[in-house]
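>>> quick one, fold the following:
(2 chains)
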Amino acid sequence: EAGVAQSPRYKIIEKRQSVAFWCNPISGHATLYWYQQILGQGPKLLIQFQNNGVVDDSQLPKDRFSAERLKGVDSTLKIQPAKLEDSAVYLCASSLLLGSAYEQYFGPGTRLTVT
Amino acid sequence: GENVEQHPSTLSVQEGDSAVIKCTYSDSASNYFPWYKQELGKRPQLIIDIRSNVGEKKDQRIAVTLNKTAKHFSLHITETQPEDSAVYFCAPSVGGYNKLIFGAGTRLAVHP
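Model (predicted):
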């Protein structure tokens, strides 16, 4: 079974620029998550989708971050404009069902550096 | 909000020793308790999980124990090997939508 795919793997941008990340979850997984992992910390959930609807975005900085999951499969996460503190690894994960204790499978992540 | 704490933050053991990492959480409604392992530069990977109707689960050298009354669960690794060196995260669920709150991590170093 193919895993969670993410691109790009690395991105370097200047502050105030914009950037977008892409995620393709495991086939058949209804739930998709975007996490931010700052160096030395645990992953922090930014947004959670069930199919193409948002379940939780309480920790998404909505003034600069946006995410969508059209057609309930692929997802994109955008940052506009970026700040220095956005430097982190952005992890996408997917799981089989919502509302059940199912394993979350992580993608390889996108390492963002904002200079 | 939800609070998750892991102890210790770093742990150094000799190969063959046991290692124990403890995770405390604040949400009494949590019902899913996974442990993830993250090697340097790699993605987090689930190594063991337990649900609230079970007190202990074991998988070869790895075990997890849960005390719901005290709101803590622990990861036990026996006969540690150098390849066990990594950062370990607990991530108890909150709410009803499989939302995980990750701890700050425990860096385990196993010395040959």
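>>> for the rest of this, base every contact and every neighbour count on C-alpha atoms.
OK.
>>> surely B:Ser74 touches B:Ala19?
No. The criterion here is CA atoms under 8 Å, and B:Ser74 misses it with B:Ala19 at 10.2 Å.
>>> which pLDDT value goes with whichever residue of chain B sits closest to chain A?
Closest residue of chain B to chain A, CA to the nearest CA: B:Tyr97 (4.2 Å). Among the per-residue scores, B:Tyr97 shows a pLDDT of 75.
>>> cool, A:Gln36 as well?
On the pLDDT scale, A:Gln36 gets 98.
>>> can you name the residues bridging to it?
A:Lys44, A:Tyr90 (DSSP bridges).
>>> ok, it touching A:Ile47?
No. Between A:Gln36 and A:Ile47 there is no contact under CA under 8 Å: 9.8 Å.
>>> quick one: average pLDDT of the helix or strand hosting B:Val13?
Taking DSSP states H and E as the criterion, B:Val13 maps to strand B:10-14. Mean pLDDT, computed over strand B:10-14, is 98.
>>> partners of it, with directions?
strand B:106-111 (parallel).
>>> now the partner strand: mean pLDDT?
Here the average pLDDT along strand B:106-111 is 98.
>>> and the residue lying closest to A:Phe65 once chain neighbours are set aside, how many neighbours?
Spatial nearest neighbour of A:Phe65, chain neighbours left out: A:Ile79 (4.6 Å); criterion: CA to CA, 6 or more residues apart in numbering or on different chains. Look at A:Ile79: counted by other CA atoms under 10 Å in any protein chain shown, it has 20 neighbours.
>>> I'd say A:Ile79 and A:Pro61 touch.
No. The pair A:Ile79 / A:Pro61 is not scored as a contact, 9.3 Å apart, by CA under 8 Å.
>>> alpha carbons only: can I get the strand holding B:Val13 in PDB?
Taking Å, rounded to 0.1, in the frame of the first residue of the first chain, the C-alpha atoms of strand B:10-14 are listed here in PDB:
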ATOM      1  CA  THR B  10      15.900  12.900  27.900                       C
ATOM      2  CA  LEU B  11      16.900   9.400  28.800                       C
ATOM      3  CA  SER B  12      20.200   7.700  28.400                       C
ATOM      4  CA  VAL B  13      20.600   3.900  29.000                       C
ATOM      5  CA  GLN B  14      23.000   1.200  28.300                       C
END
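>>> list the buried residues in that strand.
Within strand B:10-14, the residues that count as buried by 16 or more other CA atoms under 10 Å in any protein chain shown are B:11, B:13.
>>> quickly check: the helix or strand following that strand near chain A or not.
The first helix or strand that comes after strand B:10-14 along the chain, using DSSP H and E, is strand B:19-25. No. Strand B:19-25 is not in contact with chain A by CA under 8 Å from any CA of the partner chain; minimum separation 13.2 Å.
>>> quick one, whichever helix or strand comes after strand B:19-25 and strand B:19-25 angle?
Next in sequence after strand B:19-25, counting helices and strands by DSSP H and E, comes strand B:32-38. Comparing the axes of strand B:32-38 and strand B:19-25 via axes from the mean of the first three to the mean of the last three CA atoms, to 10 degrees yields an angle of 130 degrees.
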